[in-house]
Structures are given as structure tokens and as C-alpha cells.
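S.K.: Show me how the following folds:
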Amino acid sequence: MGIVVAARGLTKLYGRRTGVHELDFEVRQGEVFGYLGPNGAGKTTTIRLMLDLIRPSQGHVELFGSEVRQNSVQVRRRLGYLPGDTRLYERLTGGELLEYFASLRGLKDLSEAKKLAATRRQQSLLQGYTGNECSECHNFTMVRNGTCEKCDTCGSTSGCS
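M.R.: Prediction:
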């Protein structure tokens, strides 16, 4: 089976601090690979280097046989990445975000993104969520079973009784 991930001499320096030091590893097609370590060990830095979100100080990464820095867009079209500390555009609805990300991937037909957004909204309503407009920022927010929650966008609780 072929190699789908290869890191060679991967190093990331932040001034005098080292984020990742001369990392070498391979993952073959069909393998399950766990990348574990304590906080600050360089796991997130490695992932960001592999996706060409940040540039290495030394070394290189190949994904699916392509050098990531030379073929960044083509490689990323084949990947999904959801960081643990996601910050989304606060003024966009879920549907608008899906459309935006679909357009970044070069999708011309956004009907699938729109269907996914509509389906997700219907599922939320079936699970006891209702939609409210925040009286402060006017963004749409979901509230479960009438429970008052802070607005996801501005943090306001002005709609609470």
C-alpha cells in the first residue's frame, strides 16, 4: 500500500523556541495513525504544517504523493480539518458559512450546501430548539426548550425574562 502522509525533517522554529524538531514519519494507506502527546508537544503545529497553514523552518510534507507547499490548493481539496479552537465569522448564519466554505473549495453549485443548512435547521427544530433573533445584534441564534442562553455572537442576555 502507498504512503499517504510523509513528513521529512519537519521543523518549526518560533524565534528561539522550537515548535517541532526534525520530525520524520509516514502513514500508509489503510493505516490508523494516532498522534498523541502532552500540551505543547507540537501536535497542532505539525497538523498546521502538514496543511500548509504555516510554513516549516526546515523539512517538507507530502500528502497523497504531492509536496504540500507546491500543491497546497489541490491537496487541501482532498482534506477536511476542524481545529478545536475554531473562530467563525460572527455575522454569518450557518447556511452562509456553508456557502462561503463551499465557494472556497471551488464549488459552483451551492445547492448541496443549501440543502445541508436547511436539513440541519430542521433537525435542530425537531430536537426542541427554536430560533430567536438577538435584540442587541440581530443575529439568529438557537435556543433549546425555551432556555435562555447568551447570544453566540455578542454574548447578550437581553432577550431573557
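S.K.: Identify the residues contacting stretch 102-115?
M.R.: By C-beta atoms under 8 Å, 6 or more residues apart in numbering, the surrounding residues in contact with stretch 102-115 are 77, 95, 98-99, 101. (C-beta placed from N, C-alpha, C; glycine too.)
S.K.: Equivalent analysis for stretch 37-51, please.
M.R.: By C-beta under 8 Å, 6+ apart, stretch 37-51 touches 5, 7, 10, 12, 19-21, 23, 35-36, 54-56, 61, 63, 68, 75-76, 79, 81, 83.
S.K.: For stretch 48-55, what is the distance to the chain centroid?
M.R.: 13 Å (C-alpha atoms, centre = their mean, to the nearest Å).
S.K.: ok, now stretch 108-121?
M.R.: 18 Å.
S.K.: likewise stretch 66-76?
M.R.: 17 Å.
S.K.: Ok, stretch 17-33 next?
M.R.: For stretch 17-33, the distance to the chain centre is 20 Å (C-alpha atoms, centre = their mean).
S.K.: got the CA positions of it in PDB?
M.R.: Extracted C-alpha coordinates of stretch 17-33, given in PDB (Å, rounded to 0.1, in the frame of the first residue of the first chain):
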ATOM      1  CA  ARG A  17      11.700  28.300  20.700                       C
ATOM      2  CA  THR A  18      11.200  25.100  18.800                       C
ATOM      3  CA  GLY A  19       7.600  24.000  18.000                       C
ATOM      4  CA  VAL A  20       8.600  20.900  16.100                       C
ATOM      5  CA  HIS A  21      12.100  19.400  15.700                       C
ATOM      6  CA  GLU A  22      13.200  17.300  12.800                       C
ATOM      7  CA  LEU A  23      10.100  15.200  12.700                       C
ATOM      8  CA  ASP A  24      10.000  12.200  10.400                       C
ATOM      9  CA  PHE A  25       7.100   9.800   9.900                       C
ATOM     10  CA  GLU A  26       5.000   8.000   7.300                       C
ATOM     11  CA  VAL A  27       1.400   6.800   7.200                       C
ATOM     12  CA  ARG A  28       0.400   4.200   4.700                       C
ATOM     13  CA  GLN A  29      -3.000   3.900   3.000                       C
ATOM     14  CA  GLY A  30      -5.300   1.900   5.300                       C
ATOM     15  CA  GLU A  31      -3.300   2.500   8.500                       C
ATOM     16  CA  VAL A  32      -4.800   4.100  11.600                       C
ATOM     17  CA  PHE A  33      -2.400   6.600  13.000                       C
END
